[in-house]
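K.L.:
A structural model of the following input is requested.
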Amino acid sequence: MLDYAYIFIKIILLFQIMPNKNSSEQTPTRGIYLLPNLLTTAGLFSGFFAVVSSMNNHFESASIAIFVAMIFDGLDGRVARMTNTQSEFGAEYDSMADMVSFGIAPGIVAYNWALSGMGKFGWLAAFVFVAAAALRLARFNTQVGVADKRYFQGLASPAAAAVIASLVWLGTEYQLNGQDFGFIMGLITIVSGLLMVSNFRYNSFKDVDWKGKVNFIVVLLIVLVFVIVAASPAELLTTIFVLYACSGPFTTIRTVKKLKLEHVVGDNKDAEFTSAKSKDNVDKINTEKEK
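P.N.:
Residues are numbered from 1 along each chain as shown. Predicted structure coming up:
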């Protein structure tokens with residue numbers, strides 16, 4: 001009797017040890033795509049390096065690190081789409097890295113360079129920027145697949161971070177004492193944060209055909225731009241991103257018939273901000289929620 005029981009137990013254990021082909025086919029392979037997340041990590045490192053550099057009064061290095069983080073932020077998504085390695089983990093990881101590189105890092109850099117001597121106004125101005133970056137990223141994540149891809153709703157967090165970083169870089173290059181311009185820098189930091197959570201429309205340049213053919217003169221102009229950037233990077237980057245930050249209110253006022261509060265801030269449900277395709281997606285989502 002004990003022998004039969006022993007054999008029966010061995011058979012049960014054998015079936016449990018044998019792999020189930022059906023379950024192995026249905027269970028997705030666990031793991032994390034290396035290349036896009038490696039680029040995201042590089043951007044996260046650049047943001048952290050900017051914070052550490054500003055704490056050591058190396059503000060030029062801190063500003064450049066934020067721009068390096070922007071490059072990696074632009075690369076990770078494109079590489080993921082090109083190599084078909086998109087994942088929910090990658091999207092969430094990218095948002096966390098953006099919060100550090102384009103929210104916390106610019107706020108701390110601005111505070112250490114110009115706002116630390118302004119008392120409560122200084123750290124509150126930096127906090128407004130950080131909080132606005134968090135709200136901007138959260139709103140962007142909830143609008144993926146719904147919003148009009150041609151435009152950003154509010155100033156994108158990398159562009160807002162670039163405004164702060166370029167101004168700090170420019171001031172450092174001209175050996176200006178940031179504490180002497182604390183009030184002005186505080187206002188710029190607050191306005192940059194408010195633009196992120198505004199409803200002003202900013203061109204995303206996603207409708208540009210980068211694969212299309214261009215005239216030879218365009219190539220020469222691109223070479224000229226690279227020469228100018230190499231000669232005066234701080235001045236040119238400051239001009240570009242400050243003008244881009246100002247373009248949102250200008251574009252919005254120019255395209256709407258009558259400026260209303262919902263064009264500036266709040267839950268934006270105005271038809272002039274939503275394409276027909278986006279409206280269909282919104283209606284479909286609302287119908288599914290009601291069901």
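
K.L.:
how far does the helix or strand where residue 185 lies sit from the chain's center?
P.N.:
The secondary structure element spanning residue 185 is helix 182-196 (assigned by DSSP states H and E). Relative to the mean C-alpha coordinate of its chain, helix 182-196 is positioned 18 Å out (CA atoms, centre = their mean, to the nearest Å).

K.L.:
Packing partners of that helix?
P.N.:
Helix 182-196 sits against helix 105-110, helix 120-142, helix 157-173, helix 233-255, with contacts defined as 3 or more CB pairs under 8 Å, 6 or more residues apart in numbering; DSSP states H and E. For every residue, glycine as well, the C-beta is placed using N, CA and C.

K.L.:
any low-confidence regions in the stretch 1-150 of the chain?
P.N.:
Along the stretch 1-150 of the chain, the parts satisfying pLDDT under 70 run over 1-31, 144-148.

K.L.:
remind me which residues of the stretch 151-291 of the chain are low pLDDT?
P.N.:
Low-confidence regions of the stretch 151-291 of the chain, defined here as pLDDT under 70, cover residues 209-210, 267-291.

K.L.:
Identify all contacting residues around stretch 218-233.
P.N.:
With CB atoms under 8 Å, 6 or more residues apart in numbering as the contact definition, stretch 218-233 has outside contacts at 169, 236-237.

K.L.:
now for the following helix or strand past the helix holding residue 185, which elements pack on it?
P.N.:
Scanning forward in sequence from helix 182-196, with DSSP H and E defining helices and strands, the next element found is strand 201-203. Counting contacts by 3+ CB pairs under 8 Å, 6+ apart, the secondary-structure elements packed against strand 201-203 are strand 151-153, helix 233-255.

K.L.:
Could you list which residues are in contact with residue 236?
P.N.:
Shown here is residue 236, whose contacts under the criterion CB under 8 Å, 6+ apart are 228-229.

K.L.:
Could you dump the contacts of stretch 218-233 into a markdown table and include distance to residue 62?
P.N.:
Written out in a markdown table, the entries for those read as follows (distance: CB to CB, whole Å):
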| residue | distance to residue 62 |
| --- | --- |
| 169 | 9 |
| 236 | 19 |
| 237 | 14 |
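
K.L.:
just to revisit the earlier point, which stretch among the helices and strands packed on helix 182-196 approaches residue 198 most closely?
P.N.:
Distance to residue 198, taken as CB to CB, is lowest for helix 233-255 among these, at 7.2 Å.

K.L.:
Could I get the buried residue list for that closest one?
P.N.:
The neighbour-count check on helix 233-255 (16 or more other CB atoms under 10 Å) flags 233-238, 240-242, 244-245, 247-249, 252 as buried.

K.L.:
Taking helix 233-255 as reference, get the angle to the helix holding residue 185.
P.N.:
Using axes from the mean of the first three to the mean of the last three CA atoms, to 10 degrees, one finds that helix 182-196 and helix 233-255 are set 50 degrees apart in direction.
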